[in-house]
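Visitor: Coordinates for the following, if possible.
(one chain, ligands or ions: 1)
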Amino acid sequence: MRVPWGVLIPVGVGVGVLAAMSTDGGMGGGGGYTSAIQDRRTFAKLTDKAKPHTRKRTDPPYGLVLHQMGFDRGNKPSKYDKVTAHFKILQDGTLIRSWDDDVRLPAAGGLNSGSWSVEFAGNFPSQPGSTDPKRFYRPLPFEYRNKKGELKKHKGFGMDQLTDAQVQSGRFLIDHLIGRGLTHIFGHVQGGPQRQNDPGPDIWYRIGEWGVRERGLDFGGPGFAVSGGKPLPDKWRTWGDSAGGLDVPAVA
Ligand SMILES: [Zn+2]
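Guide: Numbers count the residues shown, from 1 in each chain. All right, here's what the predicted structure looks like:
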């Protein structure tokens, strides 16, 4: 069932507003998407790489796969229309919906068929809250060769931290999707061999692990991975326990 969206709220909505919204937009029955989520479905575009692997699905999704983008383009939603994911959460907490539930996107290898995907804007470290450049993927400027073999400069992917606003919006999205049938939560690392630090320890502990412990979501179990992916590292699941628990700030 499709229920029309409610009144859209402007860019950069405060997370306090998000937290106060009801998760079904007040329409009841769990059928509607909340107006705290910005609808950009008419603007979303597939990359040439994603096009051949995107299709409609008949079974409704039951899992949410967490991703880090590995870059940040600021807090303007239009900058993320070509990022392949159902949802995006920007550094200021803005939560965007880009695709219908019945669109299967090529976002997470073997986990695609039954899942929604959410991408968090930022290049996040492989150690919780680290500011050591060695803990980030290509954070500094570098040179590379393009397809024509020309030498190009890249400014680097930078060094970001998960913000409290992103955590709040991520948890909000979980609660919202539970109302639409969500029972499982995964990290991209579990779905394929390419992304070893995706979503990384901060996103997993503060959002994924929160969903497991506080909402009873299933992550497949300690050894679970498909399509050449790796199980969630134990340290992603537990690092914050000694640092104050699930409400610990991202930067230790
Ligand atoms: Zn990913």
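Visitor: Neighbours of the residue in the stretch 101-250 of the chain that the ion sits nearest to, how many?
Guide: Relative to the ion, the nearest point of the stretch 101-250 of the chain is H188 (3.4 Å; CB to the ion). The C-beta positions use only the backbone N, C-alpha and C, and glycine is treated the same way. Neighbourhood size, H188 [other CB atoms under 10 Å]: 25.
Visitor: Equivalent analysis for the one 3 residues further on, please.
Guide: G191 is surrounded by 27 other residues when neighbours are defined as other CB under 10 Å.
Visitor: before we move on, the earlier item: return the backbone torsion pair for the residue of the stretch 101-250 of the chain closest to the ion.
Guide: phi -50, psi -40 (degrees, to the nearest 10).
Visitor: do you know how far the closest residue to it other than its chain neighbours is from G70?
Guide: Among residues not flanking H188 along the chain, D198 sits closest, at 4.0 Å (CB to CB, 6 or more residues apart in numbering). Here D198 is placed at a distance of 8 Å from G70 (CB to CB, to the nearest Å).
Visitor: Which one's more surrounded, these two?
Guide: D198 (26 against 21).
Visitor: in which helix or strand would I find that one?
Guide: Secondary structure from DSSP states H and E places D198 outside every helix and strand.
Visitor: got the contact list for it?
Guide: Taking CB atoms under 8 Å, 6 or more residues apart in numbering, we find D198 in contact with H67, Q68, G70, G187, H188, V189.
Visitor: In strands, which of those residues appear?
Guide: Residues of the contacts of D198 located in strands (DSSP state E): H67, Q68, G187.
Visitor: Closest one of those residues to H154?
Guide: H154 has its nearest neighbour among the ones in strands among the contacts of D198 in Q68, at 18.2 Å by CB to CB.
Visitor: thought that closest one was touching G122?
Guide: Yes: shown here, Q68 and G122 form a contact pair, counting by CB atoms under 8 Å, at 6.3 Å.
Visitor: Tell me where the stretch 1-150 of the chain has strands.
Guide: 38-39, 55-56, 63-68, 87-89, 95-97, 103-104, 115-120, 142-145 (DSSP state E, counting those that start in this stretch).
Visitor: okay if I get those strands as TSV plus mean neighbour count and mean pLDDT?
Guide: Formatted as TSV, the strands of the stretch 1-150 of the chain follow (neighbours: other CB atoms under 10 Å; pLDDT from 0 to 100):
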stretch	mean neighbour count	mean pLDDT
strand 38-39	19	96
strand 55-56	10	94
strand 63-68	26	98
strand 87-89	26	98
strand 95-97	25	97
strand 103-104	18	96
strand 115-120	26	98
strand 142-145	10	96
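Visitor: a markdown table for those strands, including distance to R180?
Guide: Shown next, in a markdown table, are these (distance: least, CB to CB, whole Å):
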| stretch | distance to R180 |
| --- | --- |
| strand 38-39 | 15 |
| strand 55-56 | 17 |
| strand 63-68 | 10 |
| strand 87-89 | 12 |
| strand 95-97 | 12 |
| strand 103-104 | 14 |
| strand 115-120 | 9 |
| strand 142-145 | 41 |
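Visitor: In JSON lines, list those strands along with distance to the ion.
Guide: Listed next are those as JSON lines, based on distance: least, CB to the ion, whole Å:
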{"stretch": "strand 38-39", "distance to the ion": "21"}
{"stretch": "strand 55-56", "distance to the ion": "19"}
{"stretch": "strand 63-68", "distance to the ion": "3"}
{"stretch": "strand 87-89", "distance to the ion": "12"}
{"stretch": "strand 95-97", "distance to the ion": "16"}
{"stretch": "strand 103-104", "distance to the ion": "15"}
{"stretch": "strand 115-120", "distance to the ion": "7"}
{"stretch": "strand 142-145", "distance to the ion": "21"}
